[in-house]
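# I'll drop the sequence and a predicted model, then ask my questions.
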Amino acid sequence: MMIREDMEILSHELVAEKTYQMTLKGDMPSYVKQPGQFVHIMIDPSDSLRRPISIADVDLTSGTLTILYKVLGKGTASMAGKPVGEYLDVLGPGGNGFPIEEVSASRALLVGGGIGVPPLYYLGKQLKEKGIEVTTVLGFQHAGAVFFEDEFRELGEVFVATNDGSYGNKGFVTDILPSLEGKFDTYFSCGPAVMLKAVSKTLGNYDGYLSIEERLGCGVGACFACVVPAPDGDAKGYRKICRDGPVFRTGEVIL
Amino acid sequence: MISTQLSLPGLKMKNPIMPASGCFGFGKEFSEFYDLSLLGAIIIKAATGKTRYGNPTPRVAETSSGMLNAIGLQNPGVDRIIQEELPFLSEFDTPVIANVAGSTVEEYVEVAEKLSRVTHVQALELNISCPNVKEGGVQFGTDPELAAEVTGQVKKVSKLPVYVKLSPNVTDIVAMAKAVEKAGADGLSMINTLTGMRLDLNSKQPIIANQTGGLSGPAIKPIAIRMIYQVYQEVDIPIIGMGGIETTDDVIEYLLAGASAVAIGSANFKNPFICKEIIEELPAAIERYGFTTIQDTIGGAHR
């Protein structure tokens, strides 16, 4: 079930290049059913569309959720200027996340790229609580863009790749994956479409779940702005990223 | 409190507020936010003869005071809409207006004929104005003769009143309105989106995969008001107004210009409760501007 509420900004800080971490307080956290769901934020009343941002962490005790976002345009630039104490109009939690209740893995691999990293953190915490061993591979453009490495290290082993080699391994997350063969049985990935495509190809022999990014319209499943094709033979031929996803089992949709 | 009830061809409405076609799916998602029986009516997403996947993504982009969309009439086809989507809406005490689209006159006729036989559909909205499909759609909406032809053929088979949804992408909106009125239209829906484009400064290419999209939102409201104001003076059939409505003041402006009812589109994306909130606030707003009934408000700018 989704709600709409004004959530108070409890903290808001720059954690990497153009990347901000924000903690929001309200009733929303108690409605989150899975890691990988998102909130749909109205940054300014004069905007015409909300901005979907994935949930990076949930704390039911304090009634807070954590989000991370990267300043990429006018909306996110305006969001970066919001002070602590102000309220944001938040709709959520949206979509279906990672179905951890059906995962039978004993060893999980998380593969995140750029601003696709955040939802994997809440997922990793939940997997670890279930006693599942967590290994993480994170990819960023360069050293200044790296975030959450220490947070993931608390969950298990972490490998970092940067495109220019200024931190960790030089190259892409897919360059690290072959060395992890046999060390996991299910993988979970979130990042740009091109990365998800490469990851699902490299890990073709494993069960996996992918979280997909797209420009959303309504964010509730009514407007058909964010569809992704599903394989032939499927009755519908498509999935709505905001409603059926954003997380899909590999092979459920065509990347 | 002022009653907001009104009757239009085929429609007994509790109030003049309805969600616009394409912005509300087939109602299921929004029924999780409020009781759809509160609505004056519901206009469902366009139906075509066969399943349509629609356009590649990205399909939406934000603009100044509005948004572009190029969904491309994605829908499962009229037969599956009747079997799988419409039964859900029969649970609500709200008239359903089914939006009819097509690429040929024959397709419009086939879809209209099928939808007009569904018991809880009370009216058809003939979509001759979708700017986002390659064939049909807006070409019927920009040529008065073609518009009259498709309206006349649909009227022959439809057991229900037909509202024709006009495109603003024309030089003479009055000529379009008169042509479809003469061809038998029972009402008009005004306006559909305006064709627009946005470029991504980094890729130097259009943001929307279809290149062009339909502009909606507050940016187009003055155009809709002007067109309704002009058409109201020249036709005798009722007008459902739409384009950028976000507040009760916007609704009153549409009623004054000559709309008998209004549809709310893009604003549902900003605030999923917008139709419910406007319905609740409307009686007080009508009173605030010195009217005692909704009927007095309609066309108030022309007196």
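The structure has been received and is ready for your questions. Model, not experiment: these values are computed from the prediction.
# Isn't residue B:167 up against residue B:139?
No. Using C-beta atoms under 8 Å, residue B:167 is not in contact with residue B:139, being 9.6 Å away. C-betas here are computed from N, CA, C, even on glycine.
# more crowded one of those two?
Neighbour count, other C-beta atoms under 10 Å in any protein chain shown: between residue B:167 and residue B:139, residue B:167 has more, with 26 against 16.
# Spit out the contact partners of the residue of the stretch 151-300 of chain B found nearest chain A.
Relative to chain A, the nearest point of the stretch 151-300 of chain B is residue B:269 (4.4 Å; C-beta to the nearest C-beta). Applying C-beta atoms under 8 Å, 6 or more residues apart in numbering or on different chains, we find residue B:269 in contact with A:48, A:49, A:50, A:217, A:218, A:219, A:223, B:23, B:67.
# which residues in the stretch 51-200 of chain B form strands?
Taking DSSP state E, counting those that start in this stretch, the strands of the stretch 51-200 of chain B run over residues B:60-63, B:66-69, B:96-100, B:121-127, B:162-165, B:187-190, B:194-196, B:199-200.
# closest one to residue B:285 among these?
Distance to residue B:285, taken as C-beta to C-beta, is lowest for strand B:187-190 among the strands of the stretch 51-200 of chain B, at 21.5 Å.
# counting contacts, what elements does that closest one pack onto?
Under the contact criterion of 3 or more C-beta pairs under 8 Å, 6 or more residues apart in numbering or on different chains; DSSP states H and E, strand B:187-190 touches strand B:162-165, helix B:173-182, helix B:221-232, strand B:239-242.
# Low-confidence stretches in the stretch 101-250 of chain B?
Along the stretch 101-250 of chain B, the parts satisfying pLDDT under 70 run over B:131-137.
# Chain B contacts on chain A?
Residues of chain A found near chain B (C-beta under 8 Å from any C-beta of the partner chain) are A:1-2, A:4, A:42, A:46-50, A:75, A:91, A:214-229, A:236-238, A:243.
# Okay, and which of the residues you listed map to strands?
The strands, defined by DSSP state E, take in A:4, A:42, A:91, A:227, A:228, A:229, A:238 from the residues of chain A next to chain B.
# picking that back up, okay, the helices and strands packed on strand B:187-190 in CSV with distance to residue B:264 and mean neighbour count next?
CSV is the format used below for the helices and strands packed on strand B:187-190 (distance: least, C-beta to C-beta, whole Å; neighbours: other C-beta atoms under 10 Å in any protein chain shown):
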stretch, distance to residue B:264, mean neighbour count
strand B:162-165, 15, 28
helix B:173-182, 21, 20
helix B:221-232, 12, 21
strand B:239-242, 7, 28
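# Please convert these to TSV, extending it with distance to chain A.
Converted to TSV, the helices and strands packed on strand B:187-190 look like this (distance: least, C-beta to the nearest C-beta, whole Å):
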stretch	distance to chain A
strand B:162-165	17
helix B:173-182	24
helix B:221-232	13
strand B:239-242	15
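# And for residue A:231, the neighbour number?
Neighbour count of residue A:231, defined by other C-beta under 10 Å: 10.
# now residue A:70
Neighbourhood size, residue A:70 [other C-beta under 10 Å]: 18.
# show me the contacts for it.
With C-beta under 8 Å, 6+ apart, residue A:70 has these contacts: A:18, A:19, A:20, A:76, A:114, A:115.
# circling back to that earlier point, make sure I have this right: the residue of the stretch 151-300 of chain B closest to chain A is in a strand.
No. Looking at residue B:269 with DSSP: H, G, I helix; E, B strand; the rest coil, it is helix, so not inside a strand.
# what residues are up against the residue of the stretch 151-255 of chain A found nearest chain B?
Using C-beta to the nearest C-beta, the closest approach of the stretch 151-255 of chain A to chain B is made by residue A:222 at 3.7 Å. By C-beta under 8 Å, 6+ apart, the residues touching residue A:222 are B:23, B:24, B:25, B:29, B:30, B:268.
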